[in-house]
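Asker: Need the 3D shape of this:
(2 chains)
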Amino acid sequence: AQTVTQSQPEMSVQEAETVTLSCTYDTSENNYYLFWYKQPPSRQMILVIRQEAYKQQNATENRFSVNFQKAAKSFSLKISDSQLGDTAMYFCAFMKRNYGGSQGNLIFGKGTKLSVKP
Amino acid sequence: DGGITQSPKYLFRKEGQNVTLSCEQNLNHDAMYWYRQDPGQGLRLIYYSQIVNDFQKGDIAEGYSVSREKKESFPLTVTSAQKNPTAFYLCASTPLHSGGAGELFFGEGSRLTVL
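Answerer: Numbers count the residues shown, from 1 in each chain, chains lettered A, B, ... in the order given. Here you go, the predicted structure:
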């Protein structure tokens, strides 16, 4: 069975600074997706960034980037130039990619609560 | 607008009562999911369905039931057998055979409180 571990229950960062959230996962699969989801106080889950395991290049979305280390099973999220609106719970998630291209189920870590301070 | 609609947003239930949470999507997605969220626990999968009239148990299915009579609808019933139903419930969907996207789309959630 796959597991996802986020070892930082809470973090804080000053506005405009950079912060890195950690995530490790355990799987015997070779073909999968990794995600970071954001859940602001409104509770709506929003996709931040996605990484496909077969791609060696780290994904980037504006101020958000990942450091994907497949051998180490590590998938950290870096937020640059932090903004007050980045304050939220951040969840790391794993999804097995089934044969034929369909998806398995999304498995979540327990989350990291990020506070951006003015 | 396309999306996932969950209702009600807030629901109160007396012990011993069954309640049903609604989830409707107009994204033409194949697969739908129900997750439960508790503080410090992350999201845990209750049930999922990849096709009409078929669904599978997730990690914490006991005390819950679902149906998938239509592609766009996946209601969740919290039965009186669920010992600790107070939680935040999230519905999600995905196209399933998306050619590699893998993303789940979420509704805004339903907060259930047992009095």
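Asker: Any idea which residue is closest to the centre of the chain?
Answerer: Went with chain A since none was named. Residue closest to the average C-alpha location in chain A (Cα atoms, centre = their mean): A:Trp36, at 2.8 Å.
Asker: You answered for a different chain; I wanted chain B.
Answerer: Note: chain B centre (Cα atoms, centre = their mean) maps to B:Trp34, 2.7 Å.
Asker: what's the longest strand in the chain?
Answerer: With no chain named, the answer covers chain A. The single longest strand within chain A, with elements called by DSSP state E, is strand A:88-97.
Asker: Chain B, not that one
Answerer: Looking across chain B with DSSP E, the single longest strand is strand B:42-51.
Asker: now check that strand, is it near chain A?
Answerer: Yes - contact of strand B:42-51 with chain A (Cβ under 8 Å from any Cβ of the partner chain) involves B:Gly42, B:Leu43, B:Arg44, B:Leu45, B:Tyr48. Just so you know, the C-beta spots here come from the backbone N, C-alpha and C atoms, and that holds for glycine as well.
Asker: give the contact list for the residue lying closest to the fourth one once chain neighbours are set aside.
Answerer: With Cβ to Cβ, 6 or more residues apart in numbering or on different chains as the measure, B:Gly58 is the residue that lies nearest to B:Leu45, at 3.2 Å, once sequence neighbours are left out. Shown in contact with B:Gly58 (Cβ atoms under 8 Å, 6 or more residues apart in numbering or on different chains): A:Asn105, B:Tyr33, B:Trp34, B:Arg44, B:Leu45, B:Ile46, B:Tyr47, B:Tyr48.
Asker: want to throw these into a markdown table with distance to A:Ala59 and pLDDT?
Answerer: Formatted as a markdown table, these follow (distance: Cβ to Cβ, whole Å; pLDDT from 0 to 100):
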| residue | distance to A:Ala59 | pLDDT |
| --- | --- | --- |
| A:Asn105 | 21 | 80 |
| B:Tyr33 | 23 | 94 |
| B:Trp34 | 28 | 97 |
| B:Arg44 | 26 | 93 |
| B:Leu45 | 24 | 93 |
| B:Ile46 | 29 | 96 |
| B:Tyr47 | 30 | 96 |
| B:Tyr48 | 26 | 93 |
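Asker: Quick check: of those, which lies closest to A:Phe68?
Answerer: Ranked by distance to A:Phe68 (Cβ to Cβ), the contacts of B:Gly58 are led by A:Asn105 at 20.7 Å.
Asker: Which of the helices or strands spans that closest one?
Answerer: Using DSSP states H and E, A:Asn105 sits in strand A:103-108.
Asker: Show me which residues of chain B sit near chain A.
Answerer: So far as Cβ under 8 Å from any Cβ goes, chain B lies against chain A at B:31, B:33, B:35, B:40-45, B:48, B:58, B:88, B:90, B:92, B:94, B:96-104, B:106, B:108-109.
Asker: Next step: those residues restricted to helices.
Answerer: Using DSSP state H, no member of the residues of chain B next to chain A sits in helices.
Asker: hang on, the earlier thing: output the contacting helices and strands for the longest strand of chain A.
Answerer: Under the contact criterion of 3 or more Cβ pairs under 8 Å, 6 or more residues apart in numbering or on different chains; DSSP states H and E, strand A:88-97 touches strand A:3-5, strand A:32-39, strand A:74-79, strand A:103-108, strand A:112-117.
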